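*Asks:* here's a sequence, model it:
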Amino acid sequence: MKSDSGSGLYKWLDERLPVREVVDYLSKKVVPRHKHSFWYYLGGLTLFFFVIQIITGLLLSIYYKPSPDEAYESVRTIVNEVPFGWLIRSLHSWAANLMVGALFIHMFSVFLMKSYRKPRELMWVSGVLLLFLILGFGFTGYLLPWDTMAYFATLIGTEIPKTVPIIGDWGVSLLKGGDEIGAETLTRMYSIHIIILPLITIMAVSFHLLVNQVLGSSVPIGTVVKQPPIRFFPNFLYRDVISWTIGLIALLGLAILLPWGLGEKADPLASAPVGIKPEWYFLPLFQSLKFAPSNIFGISGELLTNLLVGVLSIVWLSIPFLDRKASREEQSPLFTTFGILLILYLLVTITMAYTTA
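*Replies:* Coordinates of the predicted model:
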């Protein structure tokens, strides 16, 4: 006799939650099919790595102790003594890098396909805000192991915004909790990393997904759409799962073959190591500061660089409202060129930072 336990559970849930409405909606939703459809899967892949971050982060928080005296030893214990602790930490660290990489690729593919145009302006704005939040995760999480590289990279990183007028000193002091990087800094970084940023990010992700479900995927201007479109459920979702599986295989390969290392315990009284660098996604700013002269017309080169980055961030956030041609379904080569040049600059500065002392 065929079991009806599955249908019984479905009926039980449907009586209490709008399950049928959700399934019907997803079944009717379609995704455009064209030569650029591949790029649609990058958003789901980024979300997949974010979920991995949450799961592994929660597991690590069971053993981690956020104090200068215990942080390093707690991470060492996770790596050397907790069963599969080294794997969980490697998964967390590598997933962070893969998530940032997938997010950058997703963002620039959206930009070049002009998917930010009307009526999807809020999708772009929320996506850029998510980028800032993810970079915030990277910055606040870097100090937590309390090893030498993490300590001095954070020390250098927290000094960079000081040149920004009015808010620079205040922001750095708020983040560090004092004049030096110490117990208060580690506590604040940990709190921001595991409480404040996750709460804000989950809300931003929820809004981003909601808008995406309502408005659907954009078709690049002038692109020929193939028929029939892809049904979101189950066809597109099935392909999403395939991309997540490939991402998981890549993540496991990196975590097992290249386990994330742990350096020596930080000594605040020691000198900074030679050639210290931040994570790769902060290298464009790091290299830009090295490009800048110490003084330009009596103004600090570091200040001008920070102001330029701030202005560029605002412009990037405002792209949907600046690109009027795209909103009229017209090609906008000026903005396309701007995006390509920005990609090239990021790639060149990252390469130069890795290949120069």
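
*Asks:* check which helices and strands the lengthiest helix in the chain sits against.
*Replies:* Using DSSP state H to define each element, the chain has its longest helix at helix 85-112. Packing partners of helix 85-112 (3 or more CB pairs under 8 Å, 6 or more residues apart in numbering; DSSP states H and E): helix 41-61, helix 71-80, helix 121-142, helix 237-257, helix 333-355. Where you see a C-beta, it was placed from the backbone N, CA and C, and this is true even at glycine.

*Asks:* same list, those helices, but as JSON lines with mean neighbour count, distance to Leu269 and mean pLDDT please.
*Replies:* Output for these, formatted as JSON lines (neighbours: other CB atoms under 10 Å; distance: least, CB to CB, whole Å; pLDDT from 0 to 100):
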{"stretch": "helix 41-61", "mean neighbour count": "19", "distance to Leu269": "28", "mean pLDDT": "97"}
{"stretch": "helix 71-80", "mean neighbour count": "18", "distance to Leu269": "15", "mean pLDDT": "97"}
{"stretch": "helix 121-142", "mean neighbour count": "19", "distance to Leu269": "21", "mean pLDDT": "97"}
{"stretch": "helix 237-257", "mean neighbour count": "14", "distance to Leu269": "34", "mean pLDDT": "97"}
{"stretch": "helix 333-355", "mean neighbour count": "14", "distance to Leu269": "28", "mean pLDDT": "96"}
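
*Asks:* residues in contact with the residue nearest in space to the middle of the chain?
*Replies:* The residue lying closest to the centre of the chain (CA atoms, centre = their mean) is Ile134, at 3.5 Å. Residues in contact with Ile134 (CB atoms under 8 Å, 6 or more residues apart in numbering) are Phe50, Met99, Val100, Leu103, Thr201.

*Asks:* just give me the closest of those residues to Thr140.
*Replies:* Thr201 (12.0 Å; CB to CB).

*Asks:* quick check: phi and psi on that closest one?
*Replies:* Reported as degrees, to the nearest 10, the phi and psi values for Thr201 are phi -70, psi -40.

*Asks:* give the burial count for it, as a bare number.
*Replies:* Look at Thr201: counted by other CB atoms under 10 Å, it has 19 neighbours.

*Asks:* wait, it touches Leu133, no?
*Replies:* Yes. At 4.8 Å, Thr201 and Leu133 qualify as touching, with contact defined as CB atoms under 8 Å.

*Asks:* ok, Gly177 to Leu186 distance?
*Replies:* 9 Å (CB to CB, to the nearest Å).

*Asks:* pipe the contacts of Ile134 into TSV and attach distance to Ser109 per row.
*Replies:* TSV is the format used below for these (distance: CB to CB, whole Å):
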residue	distance to Ser109
Phe50	18
Met99	16
Val100	15
Leu103	11
Thr201	21
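
*Asks:* for these, which one is nearest Ser67?
*Replies:* Distances from Ser67 to these, taken by CB to CB, are shortest for Thr201, at 25.4 Å.

*Asks:* and the closest one, what does it touch?
*Replies:* Counting by CB under 8 Å, 6+ apart, Thr201 touches Phe50, Leu130, Leu133, Ile134, Phe137.

*Asks:* Gly178 - how many residues pack around it?
*Replies:* 11.

*Asks:* excluding chain neighbours, what is closest to it?
*Replies:* Excluding the flanking residues, the one nearest Gly178 by CB to CB, 6 or more residues apart in numbering is Glu184, at 5.5 Å.

*Asks:* so what's that neighbour up against?
*Replies:* Listed by CB under 8 Å, 6+ apart, the contact partners of Glu184 are Lys176, Gly177, Gly178.

*Asks:* tell me the SS of Gly178?
*Replies:* coil (DSSP: H, G, I helix; E, B strand; the rest coil).

*Asks:* that one contacts Arg188, correct?
*Replies:* No. Taking CB under 8 Å as the definition, Gly178 is not a contact partner of Arg188, at 9.9 Å.

*Asks:* pretty sure Val219 is in a strand, no?
*Replies:* No. Assigned with three-state DSSP, Val219 falls outside any strand and is coil.

*Asks:* and it, its phi and psi?
*Replies:* Residue torsions, per degrees, to the nearest 10, at Val219 are phi -100, psi 130.

*Asks:* still on that earlier bit, okay if I get the helices and strands packed on helix 85-112 as a markdown table plus distance to Ile314?
*Replies:* As requested, those are exported to a markdown table (distance: least, CB to CB, whole Å):
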| stretch | distance to Ile314 |
| --- | --- |
| helix 41-61 | 23 |
| helix 71-80 | 36 |
| helix 121-142 | 10 |
| helix 237-257 | 32 |
| helix 333-355 | 14 |
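
*Asks:* just the pLDDT for Asp169.
*Replies:* At Asp169, the model reports a pLDDT of 81.

*Asks:* swap in Arg16?
*Replies:* 85.

*Asks:* that one - how many residues pack around it?
*Replies:* Neighbours around Arg16, by other CB under 10 Å: 7.

*Asks:* can you check Tyr25 too?
*Replies:* The number of residues packed around Tyr25, counting by other CB under 10 Å, is 13.

*Asks:* what does it show for phi and psi?
*Replies:* phi -60, psi -50.

*Asks:* try the one 5 residues further on
*Replies:* The phi and psi values for Val30, taken as degrees, to the nearest 10, are phi -130, psi 160.

*Asks:* quick one, what contacts the nearest residue to it once chain neighbours are set aside?
*Replies:* Leaving aside its sequence neighbours, Val30 sits nearest to Pro229 (CB to CB, 6+ apart; 3.9 Å). Contact analysis of Pro229 by CB under 8 Å, 6+ apart lists Val30, Val31, Pro32, Arg33.
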